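[1] here is my input; please provide its structure:
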Amino acid sequence: MREYERDSKLKQHRIAGAQHLGVVLNEKIKQKFSEGVSLHDSDIHTMALSINSKLNLLEGFKASHMWVDRFKKKDG
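    Predicted coordinates for the structure are as follows:
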């Protein structure tokens, strides 16, 4: 039971970290767009890795192509 509780807490922490990463990344993207900068998937990838590194949100986060695609569909 304790293992389940521990895994559940880790999952909740990871979900919260991912949500926070999405919010911060979305703000940075909006800022870039307001400056007239166009962004490519590789830019979003690099920005996500940088934000995660600075805020230390998700251990082992790689911002894969699938993650970038899901981010764009979700946060558009």
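[2] now for whatever helix or strand residue 31 lives in, which elements pack on it?
    Taking DSSP states H and E as the criterion, residue 31 maps to helix 2-34. The elements that helix 2-34 packs onto, with contact taken as 3 or more CB pairs under 8 Å, 6 or more residues apart in numbering; DSSP states H and E, are helix 41-55, helix 65-75. Every C-beta, even on glycine, is put in place using the N, C-alpha and C of the backbone.
[3] now it: buried residues?
    Buried positions in helix 2-34, judged by neighbour count with 16 or more other CB atoms under 10 Å: 17-18, 21-22, 24-25, 28-29.
[4] among the residues you listed, which one lies nearest to residue 56?
    Using CB to CB, residue 17 comes nearest to residue 56 of these, at 8.9 Å.
[5] per-residue confidence at the closest residue to residue 51 other than its chain neighbours?
    Distances taken as CB to CB, 6 or more residues apart in numbering put residue 24 closest to residue 51, at 5.2 Å, once the chain neighbours are dropped. Note on residue 24: pLDDT of 97.
[6] ok, residue 24 to residue 52 distance?
    To residue 52, residue 24 is 9 Å away according to CB to CB, to the nearest Å.
[7] where does pLDDT dip in this structure?
    Filtered on pLDDT under 70, the chain yields the residue ranges 1-6, 76.
[8] how about 80 then?
    1-8, 75-76 (pLDDT under 80).
[9] contacting residues around the spatially closest residue to residue 29 that is not a sequence neighbour?
    Using CB to CB, 6+ apart and skipping residues adjacent in sequence, the residue nearest residue 29 is residue 39, 6.4 Å away. Neighbouring residues of residue 39 by CB atoms under 8 Å, 6 or more residues apart in numbering: 29, 32-33, 47.
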